[in-house]
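A.B. asks: Need a 3D model of the sequence below.
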Amino acid sequence: MAILLPNTIPEHDQEGLLKLQEALLELAEQLLGDRDKSKIIYQPDFDVNGPYINNTPNLDGASARLSPNSKLYWPTVVYEMAHEIIHLLNPIVGYTNWLEEGIAVKFSIFAQNEPNLHPIQQPISGPYFDALELVNTLIQLQVRVF
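C.D. replies: Predicted structure coming up:
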């Protein structure tokens, strides 16, 4: 599946944001299985405190809130949105666990390869890096055991 990035400015292209979200969601479901279909995934938008997911008040769904850094730059939209897509597969209230965070980081790196974005954005330290390292360790264990 090819992900194509628009030649527009992300903050002015709601349709482009939605299409990218749909493409990333499809890719995530192909790799990880179906999402919770009882939850609606709403139009992504931008927030000064992003990126994060925002659950609706009645918990019928959620949306991705991207950072101001991504408003003008599609590669950062891919990086942030791909991460948040993993959380949108089964949106919960509150903080998630280390495994889900690690998978979200791993998927965000993987998704950047789809449109061949270079250099690839990824954490180099801190809790997201630590979560990614845990997932990478699991992958190495799986290769050795199975």
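
A.B. asks: So Arg65, which state does it fall into?
C.D. replies: Under the three-state scheme (DSSP: H, G, I helix; E, B strand; the rest coil), Arg65 adopts strand.

A.B. asks: Which strand residues bridge it?
C.D. replies: Applying DSSP bridges to Arg65 gives these bridge partners: Asp45, Tyr52.

A.B. asks: give the contact list for it.
C.D. replies: Taking C-beta atoms under 8 Å, 6 or more residues apart in numbering as the contact definition, Arg65 lies against Pro44, Asp45, Phe46, Asp47, Asn49, Gly50, Pro51, Tyr52, Ile53, Asn54, Glu84. Bear in mind the C-beta positions are built from the backbone N, C-alpha and C, glycine included.

A.B. asks: can you tell me how far Tyr52 sits from Pro119?
C.D. replies: For Tyr52, the distance to Pro119 equals 24 Å [C-beta to C-beta, to the nearest Å].

A.B. asks: who has more neighbours, the two?
C.D. replies: More crowded of Tyr52 and Pro119, by other C-beta atoms under 10 Å: Tyr52, with 16 against 7.
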